[in-house]
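**Q** Pasted the sequence and its predicted model underneath.
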Amino acid sequence: MPAHLPAHDHGFMDQAATLYTIRIDGHLGAMALSAFPAMVSRRQGAQTVLTGLLDRSALYGVLAEIEALGLDLVEVRRLTPKRKSSEPGDSRSP
Amino acid sequence: MVIRVPLTVGVLACYRGNGVAGGRSPARVPRQALKVDRATPRLVDRGELLAALDRAAAAKVTVISAPAGSGKTSLLRAWADRPGQPHRLVVVQVQRDQQDAQQFWLALLDAVRRGSGTASRAEAPAATPDFNERAMVERVLAALEDHRGRVMLVIDDLHELTSPDALAQLTRLLTSLPPNVHAMLATRRDLPLHLHRLRLAGELAELRAAELRFTERETRALLDASGIALSDAGAALLQQRTEGWAAGLRLAVISLAGHPDPERFVAEFSGSDRTVAEYLIAEMLDRQPDDVQQLLLDTSLLDRVNGELADLLTGRPGSERILLELEDANAFVVSLDSERRWFRYHHLLGDFLRLELRRTRPEEVPTLHRRAAGWFAEHGQIVEAIRQTQAAGDWSEAARLLADHSFSLTLDGQAQTIQALVRAFPRGAAADDPELALVRAGGELVQGHLDEAAAHLAVAESHVEAASPDRRRRLRVAIASLKLGLARRRGHLAGVVEQARFLDSPVTGQSDKDIALGSDLRAVALYNLGTIEAWSLGLQDAERHLQEGAVLARQIGRPYLEVGCLAQLGFASKIRPIATTRQRCQEAITLAERHGWGTEPVIAPALVTLAATMIWTGAFDEGERWVQRTAQALESDSGPGITQLLHLATGMLQAGRGRHHQALEEFSAAERLQSQLAGSHALASQVTGWMLTTQARLGMPGQARASLATLPDERANLGELRNARAVICLAEGDPAGALDALAEVLDGTTPVIGYVTVVEAQLLAALADRALGDQGAANTATERALALAEPDRLVLPFAMTDSRELLEALPRHQTAHAALLTDVLDVVHGASLTANDQPPSPQTEELSPSELRVLRYLPTNLSRPEIARELSVTVNTVNTHVRNIYAKLQARDRSSAVRRARELRLLSTGLTR
């Protein structure tokens, strides 16, 4: 995590951002959650689900953070608009 | 097997950055400030893992691929430290987010050389602005081959290497390692190294996260070694909760040591759903006194920290003591140097600390970055200063810093680092900073993107007037220098020199720092200016500027520029005697070799010029070796101008050896490159002239004449092309036409590149005379050619011009240049001479003028009485002189005296008739 190098301007997106949910084993505390300011989190059992609108480079930024913090990645899902309507419960944070 | 793991099983073990892992300095007694128990060297048995690594190490390449905190580094260290380790170890740790391939390779090369124990005699690796990654891999391989015995090349944190080129070249290195060398790589994630061939051959071994996990038994051993009393159930619980993850266990041990109720700690930890690292790091932080917590958080923004810098950031003294204690306590803090002055945090801890700082005190973050930037700038660590300034969000300040130092950083071989810094500016206003345009122009130029460089340069130029007066002058010099560099790469020489005239007056700065930056800039400008002048035949200005540039470069400690100036000076020495040119080239090459740049593009002008001097004097074999070395130096394309010179020299070599077909190929290649140069350069007429000459000699005079007819008059009338016209006429059976073409070359009314063109013209005139049946005139012209060629002992024009019959027809006793004539005939008959550059040995006693007169007749076939008659002295006098000559030259006979006299250049000048 090159945290001392600022991220590129988040306002500019090369491609349309898409809604992603990312599932991590264990509960993230305030310290770890602050690494994902663009995501909304919710706990689901012993896991944490992060949801957010990400373009591709933002997604890989999030994955790099997960790696750097030694977190246990369980699942990454892209919620396409169609799927969003068929599984509404999955796409919204509480 | 029991091994000593001085850092418990921690993941924080860090090589000290200087190669082979060394032992730790003696542990110090911690003070009360720290609630972490001091870690005595603890014993833990991970023999099975080490044995697994041992088995893996039998393969050519071993990859340890596992997530952060899996204990890769400490495993490597334990394996390396093991008694009886049969491998010699070469260890490199990749720096965080290493985007600069050159910095990576230099560190690797340095480690390999240190590891072989030959660092002192080998050339020291040094950074260069024109970095050739391929050649660098060759150098690393060559250095590895110097090693005897089994060598293990260990590269840790390889995932930090983010330069894609570097990974491709690393693949090449790994697949061509010498037989005695093996490699071991540690990385957090699988990398795009293409090692299929090794995998198929069973030469690739892997160790992954599952194998690195601590078993229950190992967890137990770790706790015991750390003096922690925990029930077997507790230990099992801990192992399950952390899943044997080394960093987790390591963090747990820190909190457990001195904990009043270890069982409760484990129970609570186990009952929590928090992620392992965050839970344990939060626990560990909570247990630290306030000042330690604050220090960890305040300094977390840095990649590395020392006591002074930490004092500055925390605003209180005593930081160094805390850092030392943290390291002694194995609390994820590691010193980076043997003096233990610089420290870094384990990546995982550092990352969490940064998050915590931003979360709890976000408003202080920019201030901390600014303070750190100030400290780094003050201590000359410019790259770090720029990074911190960027992180503070002070974009225009960062742009100014980067612009001010971009020349110096380029000279330091950090071109790729500059690119990474430029990329870190956000899009929008900050990216359009005119200061950055200058940096971008320089970056594009280094990468050979000439149009892009010109575009950025235009942006920078349009902003000069808006700059403050104190910056304006420096911006102008920077722009002029880049323009010269651009013109040089384009071969577009006309006009640029005039624009740069103002560089003749030195930069005056207010402070020492300004003067230092100004000197870097000025030395680069002189280098570019002198180079352009050399290539556009402004040779005397070129010599002056390059000499000045070299002196300045030496004063300010810029060896790259000094080498560059001296190399171009060698090329610019064409108006000097060959001996001077040769000496200058050799000095430049010696200096380049001392810095490890013996085959870098920067030295190519001196290499190719030296080759040419060898070829001119008939030392073809040596010339060929220097030609080959030039080709090596130019492996990465270095512009049409210098490449053209290489083709020209190769063509000369082929032509001198009578291989006219190959010569024509080279001259034609040089001619084709001419079209890529915007203006014609120094040797353009030579290239075209020899191409046409060679065509005519190969029986294609019609084609040559047709090409000649397309040239504009002012070019066709240059001496080199008049010579070509003469050769065409001779090939067409028109000797009178040849003499006509040569007349103005011989009487000196037409411009020539150098006197060598006149030597060639004399020989062509002699051929024409002979064809016309005038042997007397032919002899006279041949003798004139010899007389002109004598001072530099030029052989090539004779070899290229089919002059064998001319020379053999020349009565020996009629020439005053018998020694040179003999040399030339040797070459024409297929020999290669040796270039003798050794200065006269001091032991040689000087010959008297009368002895010198006699000496000059020794190479002829005149007998002693004949010499006596020629000199109007008695035979006895000649005999006395000859005896003295033999004694002074330590010669046994006439031929060895002649050889020695040639070596000492006693037969070269001031001949009497």
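**A** Cool, the structure landed.

**Q** worst-scoring helix or strand of chain A, pLDDT-wise?
**A** Across the helices and strands of chain A, mean pLDDT, DSSP states H and E gives its lowest value to helix A:88-91, namely a mean of 45.

**Q** And the pLDDT at the residue of chain B found nearest chain A?
**A** Closest approach between chain B and chain A, counting by C-beta to the nearest C-beta: residue B:275, at 3.7 Å. Yep, even glycine has a C-beta here, placed from its N, CA and C like the rest. For residue B:275, the pLDDT comes out at 89.

**Q** shouldn't it be in contact with residue A:31?
**A** No. Using C-beta atoms under 8 Å, residue B:275 makes no contact with residue A:31, being 9.9 Å away.

**Q** Comparing these two, which shows the higher neighbour count?
**A** Remark: of residue B:275 and residue A:31, residue A:31 carries more neighbours, 26 against 23, as counted by other C-beta atoms under 10 Å in any protein chain shown.

**Q** List the contacts of the more buried one.
**A** Each residue near residue A:31 by C-beta atoms under 8 Å, 6 or more residues apart in numbering or on different chains is listed here: B:278, B:281-282, B:352, B:355-356, B:359.

**Q** quick one: it and residue B:278, what's the gap?
**A** As for residue A:31, its distance to residue B:278 is 6 Å (criterion: C-beta to C-beta, to the nearest Å).

**Q** Sticking with residue 62, tell me its helix or strand.
**A** I went with chain A, as the question did not name one. helix A:56-68 (DSSP states H and E).

**Q** actually chain B
**A** strand B:61-65.

**Q** ditto for residue B:385
**A** Going by DSSP H and E, residue B:385 is part of helix B:382-391.

**Q** which helices and strands does that helix pack with?
**A** Packing partners of helix B:382-391 (3 or more C-beta pairs under 8 Å, 6 or more residues apart in numbering or on different chains; DSSP states H and E): helix B:365-378, helix B:395-411, helix B:415-423.

**Q** Next, the angle helix B:395-411 makes with it.
**A** 160 degrees (axes from the mean of the first three to the mean of the last three C-alpha atoms, to 10 degrees).

**Q** what's the closest non-adjacent residue to residue 59?
**A** Assuming you mean chain A. residue A:20 (6.1 Å; C-beta to C-beta, 6 or more residues apart in numbering or on different chains).

**Q** wait, I meant chain B there
**A** residue B:205 (3.9 Å).

**Q** Now do the same for that neighbour: helix, strand or coil?
**A** strand (DSSP: H, G, I helix; E, B strand; the rest coil).

**Q** where exactly do the helices run in chain A?
**A** Listed in chain order, the helices of chain A (DSSP state H) span A:30-33, A:56-68, A:81-86, A:88-91.

**Q** Can you name the residue of chain A nearest chain B?
**A** For chain A, C-beta to the nearest C-beta, closest residue to chain B: residue A:26, 3.7 Å.

**Q** Who are the contact partners of the closest residue to that residue other than its chain neighbours?
**A** Using C-beta to C-beta, 6+ apart and skipping the chain neighbours, the partner closest in space to residue A:26 is residue B:275 (3.7 Å). The neighbours of residue B:275, taking C-beta under 8 Å, 6+ apart as the test, are A:24-29, A:32, A:69-72.

**Q** Now whichever strand or helix holds residue B:666: average pLDDT?
**A** Secondary-structure element containing residue B:666, defined by DSSP H and E: helix B:660-674. The pLDDT scores in helix B:660-674 average 92.

**Q** List the buried residues of it.
**A** B:660, B:662-671, B:673-674 (16 or more other C-beta atoms under 10 Å in any protein chain shown).

**Q** one step back: please list which of the contacts of residue A:31 also come close to chain A.
**A** B:278, B:281-282, B:352, B:355-356, B:359 (C-beta under 8 Å from any C-beta of the partner chain).

**Q** Of the buried residues of helix B:660-674, which are in range of chain A?
**A** Near chain A, by the rule C-beta under 8 Å from any C-beta, you find none of the buried residues of helix B:660-674.

**Q** Between those residues, which sits nearest residue B:700?
**A** Residue B:700 has its nearest neighbour among these in residue B:664, at 9.0 Å by C-beta to C-beta.

**Q** isn't that closest one right next to residue B:695, touching?
**A** Yes. If you go by C-beta under 8 Å, residue B:664 and residue B:695 touch, sitting 6.4 Å apart.

**Q** hey, what's in contact with both of the two?
**A** By C-beta under 8 Å, 6+ apart, no residue touches both residue B:664 and residue B:695.

**Q** Was I right to think residue B:610 contacts residue B:587?
**A** No. Taking contacts as C-beta under 8 Å, residue B:610 lies outside contact range of residue B:587: 10.6 Å.

**Q** and the two? which has more neighbours close in?
**A** Higher neighbour count among residue B:610 and residue B:587: residue B:610, with 32 against 17, using other C-beta under 10 Å.

**Q** Can you show me the strands along chain B?
**A** Taking DSSP state E as the criterion, chain B contains strands spanning B:3-9, B:42-44, B:61-65, B:88-93, B:151-156, B:181-187, B:204-208, B:305-306, B:333-335, B:342-345.

**Q** From residue B:465, how far off is residue B:432?
**A** 17 Å.

**Q** repeat for residue B:691
**A** Residue B:691 is 48 Å from residue B:465, by C-beta to C-beta.

**Q** beta partners of residue A:53?
**A** Applying DSSP bridges to residue A:53 gives these bridge partners: residue A:19.

**Q** and residue B:613, what is it in contact with?
**A** By C-beta under 8 Å, 6+ apart, the contact set of residue B:613 is B:578, B:581-582, B:585, B:835.

**Q** What about those, which are in helices?
**A** Checked against DSSP H, the contacts of residue B:613 include these in helices: B:578, B:581-582, B:585.

**Q** For the spatially closest residue to residue B:612 that is not a sequence neighbour, grab the count of nearby residues.
**A** Excluding the flanking residues, the one nearest residue B:612 by C-beta to C-beta, 6+ apart is residue B:649, at 5.0 Å. By other C-beta under 10 Å, the residues close to residue B:649 number 28.

**Q** mind giving me the domain split of chain B?
**A** Using automatic domain parsing, the domain parsing of chain B gives B:3-12+B:40-211, B:213-272, B:395-573, B:613-812, B:849-903.

**Q** could you dump these to JSON lines with distance to residue B:591?
**A** Below are those laid out as JSON lines (distance: least, C-beta to C-beta, whole Å):
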{"stretch": "domain B:3-12+B:40-211", "distance to residue B:591": "11"}
{"stretch": "domain B:213-272", "distance to residue B:591": "49"}
{"stretch": "domain B:395-573", "distance to residue B:591": "5"}
{"stretch": "domain B:613-812", "distance to residue B:591": "15"}
{"stretch": "domain B:849-903", "distance to residue B:591": "26"}
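
**Q** Show me the shaky parts of chain A.
**A** A:1-15, A:81-94 (pLDDT under 70).
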